[in-house]
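Undergrad: Quick one, structure for this:
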Amino acid sequence: MAFWRGGSLFSSTTSSTTPSSNTIGQETVERLCDRLQLATRIEDRRDAVRALKALSKKCKLEVGTQSMTLLANILQGDRTDLDLIQLALETLANVVTYEVGNEEEQANLPQDITVQFTELYAKNKEYVHAALELIEEIDFNVRRAAIRFLTALLTNCTKVLQEIILESGPMGVSKLVDLLQDEREVIRNDALLLLQILTQSNANIQKIVAFENGFERLFEILVSEGGSDGVVTVEDCLSVLLNLLKNNPSNQSYFREGSYIRRLVDFFELSSIGEKRWSAQKVTNVHLLLQVIRILVSPTNSHQNIVACQRTVSQCGLLHRLCVMLTLTTIPADVLAETINTIGDVVRGHTENQQFLGSVMNTTGEVQQPVLFNLLYTMVAGEKQSFPLRISILYCLQCYLYKNDVGKSLIVQTLLPQTENAANQYTLGHLLIIGYLSKDIIASWCSGIALAHLIADSQQYKEAILKVVLAVDQAQTGAKTLMEISTDLLQNPSSSFHTRIAVLIFLCTWLANCSSAVQTFLSIQNSISYLISQICAQSIADDKEILIQSLCSFALGLCLVFNNNQIPSYSTESLERIINKRIGIDLFQEKLEILSKSEYYAKALQKPQLKLSKSNDMILDYEFARLYKTLESSIARMLIRNNINPTEKSLIDPMSTNLYEQQTSTMMTHYNDLIRQQDQQLNAYKHQEKQFNHELDTYKMKVMDLEQKLQEIKDQYALLRISSKQGPDAHNELRAICEQQRVELEYLRNVMTQQQYSTMTQPVENGVEQLNLNNHENHNIHNDGRVQVGERAALTARITELQEKINTFDEKYAAQNDEIARLQLENGVLQEKITNEKRKVSILENLESQMQGSLDEKTRLDNEYQKLNNIYQQTLTEQNDLLVLCSTYEDQLTTCRNIIQSTGLPVPNFLLELDNNE
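TA: Predicted structure coming up:
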């Protein structure tokens, strides 16, 4: 008890209360702890814990330091007294939580006091396991108290508690998932809050929750609570769902394969989404639903998962529902922006979805127009619209153009010279140009970025828009090309910073990998002079203007790399001399590298999705950052190589060239082999798929043939029974029918013998043989007595018997089919359980490998620490030796000064300054 009562672990606490009140509280808690520890009657123990609970907020520090072990032992001890356990859990929960603004809380405690108590409690893992086991208690109060206590522990030390819960095995997490099935809503809702914290940033726990039917449980709650129109419980469910899917490819595949994407469609019903008034909770719920879709098709996922989810979203009609939302006028602006972002992620790089989006028409207005046209008009001319909405439209347009040659071609065609009638019609291309030339910085920047995406990675479109000619004024007395107008915008002093940024990004994208564009740019007067003047500008304190310098350096470097030398005054050699004389290689490289060191560049390069909160963040986008990262090193390498003197070049070039060519050849060979192997595997898979499909079709045809034959047999026997009642004149027809039956049944027997499924074949063969035997017997009966009435009666009875046997066979056949279906269902359930167990084993193996990796890493770090310590000791020894040497040298200088003074010669100044320095 002395260890807990000393309070040394929390000695940093400075209490504002008087020493006497502290002493009284500490003594009271101490007496209660002694009473709890020494009491034998259960009522006394219960009263002691109840008193500790009452003091657990006003005297949090004393209760936590002195009673935590005793309360934890209660959780591990006898489980018969549920009231005592409930009080212990509630007391511990009060100790590890702090309610801001609650007057009952003890004042002037450290901010991390609850974290310290949680770490102290979690040092003994058995204490956490005991609290986890109490969740299985059926009693409402105990279960709820245990959930809230675990939630508080997870809130304070999430990673530590996650590891401890994982160590308890998959069943520990399974217990928490089972709480979602509790019929008591309070327990279920508290369990949602617990899972929301438990599933954060832990892939292993996320997988276990998913494989324990976590998705199914969450969807059951979502449906029961009303979907998007539900209360805060829906928000909690969707938050857990987001945690399970975020950065977890396994769970994303499981979610898709379990047809859960199709179930999201029900939450976007037009009757609900089309309501005029949206509550704040509904806005939050729809936001989270859209984020679930975006996580599934996020560009940062694996390509296989992205394509599969995009296809499923389109096939189940979810993409159509989202596009319908674009035409509704009752959707709140922030929800509409997130919907547009979601549509962008769904169509990005998927040809069919891009074509679908391009074909969607807005029929709500007087004139039907494509939805893309309406969106682009809002981005360009919607100055009164919210900034997030306009940026979301830009991102959706980027996704629509990504790897969409058909969509790019249609827009580029609208920019080229056309007939007078076509020129008078507004198109997507016209809107982009209007926004590009707009004084509105948002419209200008967004349109410039969109034009850059329009021509990105396509030399064909870069050369095509060289022919774009625009009127300079309304009178159309003069015209300029799009590149000339871009350089004018760049050089115009009234152009805003964001406009110049957009123009430079557009020009750099245009110049990259397109020698024709470079030639056209070089032929424009003052284009190179402007770039050089910007690069050489001095005394620029604004960080954004420095980015302009870096972009100008990049544009000039692209003119150097992709120059076709068609303009003599600006050939590659001429540009190198200009850079060397007027700028300097070192200064040029310094300006070029500024962009790579910018926080805007690092942020843009993280992922394709635009995350801009305000207009000042409109600097770079992902595609341009990727382009700069690819070509920046090529520009620097070209300048360095061409400016080495001949002697050094003769020594360096052969070695570096051979090494580079060797590495390139090795990499190309490796990639070619890899691609060849993948092609072979793909062809093999396709061949297997064709074989499986062919076998499936064959079996289906055989089953249909068998069913048809059986029906024919029944029909023939019905005719046989009718004909047997027609008298002696029908005997010849009866004989012909029996003969035909015999041939047909013989053929049926041969067909059914070839089937591989014995459960279906055996009953049918027995029936066929029986029917064949009956036919022979019928034939013999008719041959022996042709006109006798008794024989006809016997024949009729025989036919009736055969019909009963056929009916019996049909019943047995149906019973066998039911049995087969039941066995297949049981087999599926068992296979699913086996798969789950294998996944659990795989998770445990991964955990073991991670632990082994951590131990290896610790060993490596210990070795490195030992090496660094040895180096430090050696350096310290050398430093001491150096100090001794300096002292000896100083004594020698003093002696020399004294000798010079004794001889009467002038003393040097540095010798006279020795005393001053000392």
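
Undergrad: got the residue ranges for the strands in this protein?
TA: With strands called from DSSP state E, the chain shows them at 361-362, 369-370, 469-471, 479-481.

Undergrad: export those to TSV and tack on mean pLDDT and distance to His320?
TA: Every residue, glycine included, has its C-beta placed from N, CA and C. Below are these laid out as TSV (pLDDT from 0 to 100; distance: least, C-beta to C-beta, whole Å):
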stretch	mean pLDDT	distance to His320
strand 361-362	88	13
strand 369-370	90	15
strand 469-471	84	37
strand 479-481	88	41
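
Undergrad: is it possible to export those to CSV including distance to Ser571 and mean neighbour count?
TA: Shown next, in CSV, are those (distance: least, C-beta to C-beta, whole Å; neighbours: other C-beta atoms under 10 Å):
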stretch, distance to Ser571, mean neighbour count
strand 361-362, 52, 16
strand 369-370, 46, 16
strand 469-471, 28, 13
strand 479-481, 22, 15
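
Undergrad: dump the residue contacts of Lys467.
TA: By C-beta atoms under 8 Å, 6 or more residues apart in numbering, Lys467 lies in contact with 416-417, 481.

Undergrad: Try it again at 10 Å.
TA: Shown in contact with Lys467 (C-beta atoms under 10 Å, 6 or more residues apart in numbering): 412, 415-417, 481-482.

Undergrad: and the residues you listed, which two are the farthest apart?
TA: Val412 and Thr481 (14.5 Å; C-beta to C-beta).

Undergrad: Could you measure from the closest residue to Ser571 other than its chain neighbours over to Leu882?
TA: Counting by C-beta to C-beta, 6 or more residues apart in numbering, Ser571 lies nearest to Asn565, which is 4.5 Å off, once chain neighbours are set aside. Relative to Leu882, Asn565 is positioned 59 Å away (C-beta to C-beta, to the nearest Å).

Undergrad: Could you do Phe219 as well?
TA: Going from Phe219 to Leu882 by C-beta to C-beta gives 73 Å.

Undergrad: Tell me which of those two has more neighbours.
TA: More neighbours surround Phe219 than the other of Phe219 and Leu882, with 18 against 10 (other C-beta atoms under 10 Å).

Undergrad: Now for the residue lying closest to the more buried one once chain neighbours are set aside, how many residues are close by?
TA: Leaving out its chain neighbours, the residue that sits closest to Phe219 by C-beta to C-beta, 6+ apart is Arg263, at 5.9 Å. By other C-beta under 10 Å, 16 other residues sit near Arg263.

Undergrad: just Ser553 next, same as before
TA: For Ser553, using other C-beta under 10 Å, the count is 27.

Undergrad: Show the pLDDT at Gln589.
TA: Looking at Gln589, its pLDDT stands at 91.

Undergrad: Oops, could you answer that again for Met325 instead?
TA: In this model, Met325 is scored at 92, pLDDT.

Undergrad: Double-check it against Ala337; I have them as touching.
TA: No. Using C-beta atoms under 10 Å, Met325 is not in contact with Ala337, being 11.4 Å away.

Undergrad: How is this protein divided into domains?
TA: Domains of the chain are assigned by the TED database as 22-168, 425-642.

Undergrad: Distance to Leu558 added to the strands of the chain, as a markdown table?
TA: Formatted as a markdown table, those follow (distance: least, C-beta to C-beta, whole Å):
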| stretch | distance to Leu558 |
| --- | --- |
| strand 361-362 | 40 |
| strand 369-370 | 35 |
| strand 469-471 | 23 |
| strand 479-481 | 18 |
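
Undergrad: out of those strands, nearest to Thr859?
TA: Judging the strands of the chain by C-beta to C-beta, what sits closest to Thr859 is strand 369-370, at 62.9 Å.

Undergrad: Give me the packing partners of the closest one, helices and strands only.
TA: Counting contacts by 3 or more C-beta pairs under 10 Å, 6 or more residues apart in numbering; DSSP states H and E, strand 369-370 packs against helix 351-359, strand 361-362.

Undergrad: Quick check: the gap between Glu632 and Leu620.
TA: In terms of C-beta to C-beta, Glu632 sits 13 Å off from Leu620.

Undergrad: The two: which is more packed in?
TA: Taking other C-beta under 10 Å, Glu632 and Leu620 do not tie; Leu620 has more neighbours (22 against 19).

Undergrad: residue contacts, the nearest residue to that one once chain neighbours are set aside?
TA: Once flanking residues are discounted, Leu620 sits nearest to Ala604: 4.1 Å by C-beta to C-beta, 6+ apart. With contact taken as C-beta under 10 Å, 6+ apart, Ala604 is in contact with 598, 610-612, 617, 619-626, 628.

Undergrad: Can I have the buried ones of the residues you listed as a ChimeraX selection?
TA: Only the buried entries of the contacts of Ala604 go into this ChimeraX selection, using 16 or more other C-beta atoms under 10 Å:
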select :598,610,612,619,620,621,622,623,624,625,628
